[in-house]
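> structure for the following, please:
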Amino acid sequence: MDINQLLKAGEYVLYEWLKDYQQLKQDIDYLKYKLDRKETEFKSWVEGDLAAELEEGIQQLKKDTDLKKQQLKKLIDLVNTFKGVEHKILKLKYVDGLTLEKIADELNYSYSHIKKKHAELVKLIKFIDEQGII
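Numbers count the residues shown, from 1 in each chain. The predicted structure is shown next:
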């Protein structure tokens with residue numbers, strides 16, 4: 001199936017989860033960075049308005065981080081219910097961090113088939129992203 005056939009079939013919508021996953025991971029990493037920075041700054045202040053303000057900021061960052069982690073878990077749980085080898089390849093590669101060789105073993109396909117499918121998926125996702133479809 002080529003890109004035009006996939007786009008006509010509306011399949012591109014199903015890959016939006018990967019973009020959401022990557023954005024959530026990036027958000028979580030940035031929130032952790034900000035939290036670490038604020039906690040370091042907080043240690044240098046013992047009392048006063050600034051210390052209280054920093055402590056409030058730290059608590060809010062912890063809440064925001066926890067919320068993003070919950071959203072990420074829900075997304076991964078949802079992706080685990082998806083059918084189709086394409087979703088499995090994307091999930092195993094970009095969420096679980098497996099190599100294409102291990103994905104082939106896990107899914108009982110040949111390495112060349114998984115490599116070809118992955119290349120098609122990457123090409124499709126780049127095309128969709130460039131076109132601003134998702």
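> and residue 103, how many neighbours?
23 (other CB atoms under 10 Å). To be clear about C-beta, it is placed using only N, CA and C from the backbone, and glycine gets the same treatment.
> pLDDT below threshold where in this structure?
In the predicted model of the chain, residues 1-14, 46-49, 131-134 satisfy pLDDT under 70.
> and the lengthiest helix in the chain, what does it pack onto?
Longest helix in the chain, counting residues (DSSP state H): helix 49-80. Where contact means 3 or more CB pairs under 8 Å, 6 or more residues apart in numbering; DSSP states H and E, helix 49-80 is packed against helix 16-43.
> return the distance of the helix it packs on from the chain's centre.
12 Å (CA atoms, centre = their mean, to the nearest Å).
> also stretch 93-112?
With CA atoms, centre = their mean, you get 18 Å for stretch 93-112.
> what is the end-to-end distance of that stretch?
For stretch 93-112, the first-to-last residue distance is 15 Å (CA to CA, to the nearest Å).
> residues contacting residue 129?
By CB atoms under 8 Å, 6 or more residues apart in numbering, the residues touching residue 129 are residue 19.
> that one and residue 85, how far apart?
21 Å (CB to CB, to the nearest Å).
> check residue 104 too.
11 Å.
> these two: who's more crowded?
More crowded of residue 104 and residue 85, by other CB under 10 Å: residue 104, with 21 against 14.
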